[in-house]
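Mind looking at a prediction? Sequence and model below.
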Amino acid sequence: MPKVGRKISEDVSRAIGNLIWLGCERLTQIGVAIVISGMLARYFGPDVFGKWQYANTLLLVLVPVTWVCGNEILVPTIVHEPPERLGTILGSAFALRFGISLAMMLLTWVVLGAGAGMGRIDATVAAMLGGLAMTMLFREPFGVIGSWLQSRTHSKPALLAAIAAAIAKMLLVWLCVRAAIAAGWYGWLWALEAAAIAAALVVYYAKQHGGRLGWHIESALFRRFVSAGSIFWIGLICMYLFLKLDRLMLERVVSYADLGRYSAAQQLNENWITLALMLSQTLGPAFVYRVHDTAKLLRNMVRLLAMTAALMIGGAIVLDALGGFIIRLVFGPGFEGAIDIFRWAVWLSLPAGIEAIANLVVLKYQARYVLLVKWLLALAAAFVVNLVAIPRFGGHGALMGLAAGYLVAIAVDLYYIRFRLIRS
């Protein structure tokens, strides 16, 4: 019994340590993102900054395509397979991720080259996205090492590498701004960051395994990875497309300058939502995933939803009041039009927070078809509302589309909770 107690204590200590490092990494990334956005907004101006944000939006729509073998498949496989199978597992997952990522990067470059040549894609956007697309070749494939660390509840090495690379990128952006480097080259700084993190992970893994990787490909495991997570994969693609649909559809209606102001407001709002959700989502494993009694799980969900709603409402009130000060402080002159967008956008944190907590039940029971249907419906609702509202209301219409999508997603989550927890 004492040995069991010590084992549980070690697991809890490692989980808490992991959580602390995750919090440090997230806070660093949020801080660095805000500082970099402020520097680039002042240097580029609203028009070019809008092109930069549009290029990033396109990247974030493309990236989920490379998530074909996600952590929800890879981590349990590493945990449940014998240790001597690790090289085969990581090798098969890496081959799949690398193949998809390379194909997506090359396809992106071909489309950008053809589009820019025919004048259908802005040349500056194409140059920016060309560099950003290179990140796909490093993040997901070499992320298999991060999955291995996660399976050991020891993500500190990967998080430290991410923190160091983010700070270095911020310094490089500052130097490039000081040197007045052309806007089209900045995407390559993000590619350099991804490459540095990948190199650090490879070096760490090799040092832990006698100076070599020892990865192999097993065809049966490769095919299993292709099929196992396909529904989750498509659902995640729909989710990310929903989250970026506002900027994709706005780009067709408003100027790049107005898109830049809208994106500036939304970037700050998304960082707030990420920071606020960290507290609630860290409680998910203890209060949702490990709870098997239905009545207790339902009580926990009600408490988590109430806590999240209170947190989001409180934060939205403060950010709404300070909206003008925050926008002027971070982005400087030329972004006054972002203030009203930001003050409305922060209230989207309420449905976003509620959806994220309600989604924990969907993830607990691995309801992959519910996840897929939810984001398909949310995407469809946002598209219809955007189609009507954006031409009439511009950025405010895009916020209406996001609100409609979140409400549809929440309705699906609550229906599933009622079906799964209350009826049973």
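On my side now, so go ahead.

ok, the closest residue to residue 163 other than its chain neighbours to residue 275 distance?
Once flanking residues are discounted, residue 163 sits nearest to residue 28: 4.9 Å by Cβ to Cβ, 6 or more residues apart in numbering. Every C-beta, even on glycine, is put in place using the N, C-alpha and C of the backbone. For residue 28, the distance to residue 275 (Cβ to Cβ, to the nearest Å) stands at 12 Å.

Any stretches of the stretch 51-200 of the chain with poor pLDDT?
72 (pLDDT under 70).

which residues of it fall in helices?
71-80, 86-117, 123-132, 139-151, 156-178, 187-208 (DSSP state H, counting those that start in this stretch).

so which of these comes closest to residue 58?
Nearest to residue 58, of all the helices of the stretch 51-200 of the chain, is helix 123-132, at 5.6 Å by Cβ to Cβ.

chain center to that closest one: distance?
21 Å (Cα atoms, centre = their mean, to the nearest Å).

ok so, going back, make JSON lines from the helices of the stretch 51-200 of the chain and add mean neighbour count and distance to residue 404 to it.
Conversion of those to JSON lines gives the following (neighbours: other Cβ atoms under 10 Å; distance: least, Cβ to Cβ, whole Å):
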{"stretch": "helix 71-80", "mean neighbour count": "17", "distance to residue 404": "28"}
{"stretch": "helix 86-117", "mean neighbour count": "18", "distance to residue 404": "30"}
{"stretch": "helix 123-132", "mean neighbour count": "22", "distance to residue 404": "28"}
{"stretch": "helix 139-151", "mean neighbour count": "23", "distance to residue 404": "31"}
{"stretch": "helix 156-178", "mean neighbour count": "17", "distance to residue 404": "34"}
{"stretch": "helix 187-208", "mean neighbour count": "18", "distance to residue 404": "32"}
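
check which helix or strand covers residue 44.
Here residue 44, judged by DSSP states H and E, is contained in helix 2-62.

let me fix that: residue 366
Using DSSP H and E, no helix or strand contains residue 366.

Backbone dihedrals for it, please?
Main-chain dihedrals, residue 366, degrees, to the nearest 10: phi 50, psi 40.

Count the neighbours of it for me.
Number of residues near residue 366 (other Cβ atoms under 10 Å) recorded here: 12.

and what of residue 210?
8.

In space, what's closest to residue 158 - neighbours in sequence excluded?
Using Cβ to Cβ, 6+ apart, the closest residue to residue 158 is residue 146 (4.5 Å).

List the contacts of residue 97.
Listed by Cβ atoms under 8 Å, 6 or more residues apart in numbering, the contact set of residue 97 reads 66, 68-69, 140-141, 143-144.

what's near enough to touch the closest residue to it other than its chain neighbours?
Spatial nearest neighbour of residue 97, chain neighbours left out: residue 141 (4.3 Å); criterion: Cβ to Cβ, 6+ apart. Contacts for residue 141 (Cβ under 8 Å, 6+ apart) come out as 94, 97-98, 101, 198.

mind checking how far residue 141 is from residue 94?
Relative to residue 94, and taking Cβ to Cβ, residue 141 is found at 5 Å.

For stretch 211-221, C-alpha coordinates in CSV please.
In CSV, the C-alpha atoms belonging to stretch 211-221 read as follows (Å, rounded to 0.1, in the frame of the first residue of the first chain):
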residue,chain,number,x,y,z
GLY,A,211,22.4,9.0,-29.6
ARG,A,212,20.0,7.7,-32.2
LEU,A,213,16.4,7.8,-33.1
GLY,A,214,15.8,4.1,-34.0
TRP,A,215,12.5,4.9,-35.8
HIS,A,216,11.0,2.4,-38.3
ILE,A,217,7.8,2.2,-40.4
GLU,A,218,5.4,-0.7,-40.0
SER,A,219,2.8,-0.8,-42.8
ALA,A,220,0.0,-2.2,-40.6
LEU,A,221,0.5,0.4,-37.9
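
Return the set of buried residues in that stretch.
For stretch 211-221, a neighbour-count test (16 or more other Cβ atoms under 10 Å) marks 215, 218, 221 as buried.

Please verify my assumption that the first one contacts residue 94.
Yes. In this structure, residue 215 is within contact of residue 94 by Cβ atoms under 8 Å, at 6.2 Å.

mind putting the contacts of residue 97 in TSV, distance to residue 303 included?
Below are those laid out as TSV (distance: Cβ to Cβ, whole Å):
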residue	distance to residue 303
66	36
68	36
69	35
140	35
141	40
143	33
144	36
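
out of these, which one sits closest to residue 390?
For the contacts of residue 97, the minimum distance to residue 390 (Cβ to Cβ) is 29.0 Å, reached by residue 66.

Pull the number of nearby residues for that closest one.
So residue 66, with other Cβ under 10 Å, has 26 neighbours.

same deal with residue 409?
Neighbour tally, residue 409, other Cβ under 10 Å: 27.

Low-confidence regions, the stretch 301-424 of the chain specifically.
Ranges of the stretch 301-424 of the chain meeting pLDDT under 70: 423-424.

Tell me where it has helices.
Counting by DSSP H, counting those that start in this stretch, the helices of the stretch 301-424 of the chain are 323-331, 338-345, 349-364, 368-393, 395-417.

Distance of the residue nearest to residue 158 relative to residue 297?
Residue 146 is 30 Å from residue 297, by Cβ to Cβ.

Likewise for residue 414?
In terms of Cβ to Cβ, residue 414 sits 15 Å off from residue 297.

neighbour count winner among the two?
Per other Cβ under 10 Å, whichever of residue 414 and residue 297 has more neighbours is residue 297, with 21 against 15.

Let me know the average pLDDT across stretch 275-285.
On average, the pLDDT along stretch 275-285 is 65.

Just say helix, strand or coil for residue 253.
coil (DSSP: H, G, I helix; E, B strand; the rest coil).

wait, isn't it in contact with residue 391?
Yes. Residue 253 is in contact with residue 391 according to Cβ under 8 Å; the separation is 5.8 Å.

Quick check: residue 226 vs residue 68, distance?
Where residue 68 is concerned, residue 226 sits at a distance of 7 Å (Cβ to Cβ).

more neighbours, these two?
residue 68 (22 against 15).

Quick check, residue 21 in contact with residue 153.
No. If you go by Cβ under 8 Å, residue 21 and residue 153 don't touch, sitting 10.9 Å apart.

Since that was my last question, I'll sign off now.
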